[in-house]
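Student: I'll drop the sequence and a predicted model, then ask my questions.
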Amino acid sequence: MKEPLLYRILIPLNKLFIHIFKPTYINKSNIPKIGRIILAGNHTSKLDPLLLMSSTNRCIHFLAKIELFKGVKKFFFKNLGIIPVDRKRKNPEAINLANEYLLDNKVIGIFPESTINKTKETIMPFKYGAVSMAYKTDSVIVPFAITKKYKFLKKSVCIVFGEPYKVSGIVEKDNQILENKVIELIRRNQ
């Protein structure tokens, strides 16, 4: 599978994003340069996908809510390689497409909370998609945590990456392990 042209065209905008928000990156060397990986972590802002994209030169195929795929945005998001997900029902098409990307040694980006966390909780309960895809495709998961706030032209948001790891295939247990890894990364980097 070819990388989406629009994604490659927009890569230079990463430098602009970095200049505007001055993020801190911790352990981004934990993102493997080759192979199938799932980047999975907490969701704090609409800017989180851009932060993740600016963390690696690899193309990230995000899973995103289907509501984004309306009007002209549909063309834009589709040509960025983003996979639409209907959060109100099961999505075999979305999961199958994500698995195809993984089996082709691509990168999937997912926010298992399924929406931006606006609660006072550290994280909201994770959905099982990340661990399920990792098991079915024998992919590694690289957990990440986003801390601090986005501030215009000031040192602001921080993203920290945990060690890549493989899941066991026991979905509930694997999901709890992923949640715990993300919570620990958040607590150590607030």
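Tutor: All right, it came through fine. From a predicted model like this one, the values you see are computed outputs, not experimental measurements.
Student: Looking only at residue counts, what's the top helix in the protein?
Tutor: Ranked by residue count under DSSP state H, the longest helix found in the chain is helix 171-188.
Student: Remind me what it packs against, helices and strands.
Tutor: Counting contacts by 3 or more C-beta pairs under 8 Å, 6 or more residues apart in numbering; DSSP states H and E, helix 171-188 packs against strand 37-41, helix 129-137, strand 140-147, strand 158-161. For every residue, glycine as well, the C-beta is placed using N, CA and C.
Student: again, only using 6 Å
Tutor: helix 129-137, strand 140-147 (3 or more C-beta pairs under 6 Å, 6 or more residues apart in numbering; DSSP states H and E).
Student: And for the longest one, what's in contact with it?
Tutor: It stands for helix 129-137. With contact meaning C-beta atoms under 6 Å, 6 or more residues apart in numbering, helix 129-137 is reached by 36, 38, 40, 98-99, 102-103, 110, 112, 141, 167, 169, 171, 174-175, 178.
Student: Could you rerun that using 8 Å?
Tutor: 36, 38, 40, 63, 95, 98-99, 102-103, 108, 110, 112, 139-141, 166-169, 171, 174-175, 178 (C-beta atoms under 8 Å, 6 or more residues apart in numbering).
Student: Which residue ranges of the protein form strands?
Tutor: For the chain, applying DSSP state E gives strands covering 24-26, 37-41, 60-65, 83-85, 107-110, 140-147, 158-161.
Student: In its sheet, which strands sit next to the last one, and in what direction?
Tutor: Think strand 158-161. Taking DSSP bridges as the criterion, strand 158-161 pairs within the sheet with strand 24-26 (parallel), strand 140-147 (antiparallel).
Student: Tell me which of the strands of the chain sits nearest to residue 2.
Tutor: strand 60-65 (12.0 Å; C-beta to C-beta).
Student: In space, not sequence, find me the middle residue of the chain.
Tutor: residue 109 (2.9 Å; C-alpha atoms, centre = their mean).
Student: hang on, it packs against residue 49?
Tutor: Yes - between residue 109 and residue 49 there is a contact at 6.7 Å, judged by C-beta atoms under 8 Å.
Student: And the contacts of the helix or strand of the chain with the lowest mean pLDDT?
Tutor: When the helices and strands of the chain are scored by mean pLDDT, DSSP states H and E, helix 5-10 comes last with a mean of 83. Applying C-beta under 8 Å, 6+ apart, the contact partners of helix 5-10 are 59, 76, 79-81.
Student: Give me the buried positions along it.
Tutor: In terms of neighbour count (16 or more other C-beta atoms under 10 Å), helix 5-10 has its buried residues at residue 7.
Student: Numbering from 886 from now on, please.
Tutor: OK, 886 is where the count begins now, so the last one is helix 890-895.
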